[in-house]
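*Asks:* Have a look at this prediction, sequence included:
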Amino acid sequence: MRTLHVVLQVADPDRAVAFYTAVGYEVVGRVADSPAGKLTMLKLPDDDVVSVELVFDAGGAAGNRGSGLSHLVIQVEAMDATVTDLRAKGIEVTEPESPDGSADVLTSWITDPDGNRIELVQWPAGHADGMTAADWA
């Protein structure tokens with residue numbers, strides 16, 4: 001088993017797509033009319049598969065935002081360059097910090113237009129992509 005993607009309900013699909021593409025996501029496809037609403041599928045450039053699906057339901061389901069989602073986590077290669085790029089695009093970014101007090105791991109936070117929190121993580125050199133059992137050994 002593996003997680004396929006996260007679904008986020010959004011209040012304004014155009015505003016949400018503009019935000020996520022500014023962060024670096026690419027639009028893979030769209031479904032204009034589904035039982036769930038208007039769907040937009042996104043992936044990051046180095047991903048092979050969709051990792052985020054944005055859902056807009058003009059009928060009001062978007063009012064259920066926040067029902068269980070804590071945050072998304074995006075791995076970045078260079079925190080300083082990422083923060084500089086996002087700020088240049090008008091996206092507010094918290095100052096990077098190290099959760100363990102070392103210079104090896106850096107995290108920062110952004111928030112999308114619908115209030116969904118996104119953690120940016122820079123792993124230390126040589127760390128596997130994503131978290132593995134080795135991180136808990």
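*Replies:* Okay, I see it.
*Asks:* for this protein, what spans make up the helices?
*Replies:* Taking DSSP state H as the criterion, the chain carries its helices at 13-23, 79-88.
*Asks:* What separation do you get for the nearest residue to residue 90 once chain neighbours are set aside and residue 87?
*Replies:* Spatial nearest neighbour of residue 90, chain neighbours left out: residue 22 (7.9 Å); criterion: C-beta to C-beta, 6 or more residues apart in numbering. The way it works is simple: take the backbone N, C-alpha and C, and place the C-beta from them, glycine included. Going from residue 22 to residue 87 by C-beta to C-beta, to the nearest Å gives 11 Å.
*Asks:* swap in residue 49?
*Replies:* Taking C-beta to C-beta, one finds residue 49 at 29 Å from residue 87.
*Asks:* bridging residues for residue 31?
*Replies:* Beta-bridge partners recorded for residue 31 (DSSP bridges): residue 39.
*Asks:* my guess is it meets residue 39, correct?
*Replies:* Yes. Using C-beta atoms under 8 Å, residue 31 is in contact with residue 39, at 4.0 Å.
*Asks:* In terms of neighbours, single out the busier of the two.
*Replies:* Shown here are residue 31 and residue 39; by other C-beta atoms under 10 Å, residue 39 has more neighbours (18 against 13).
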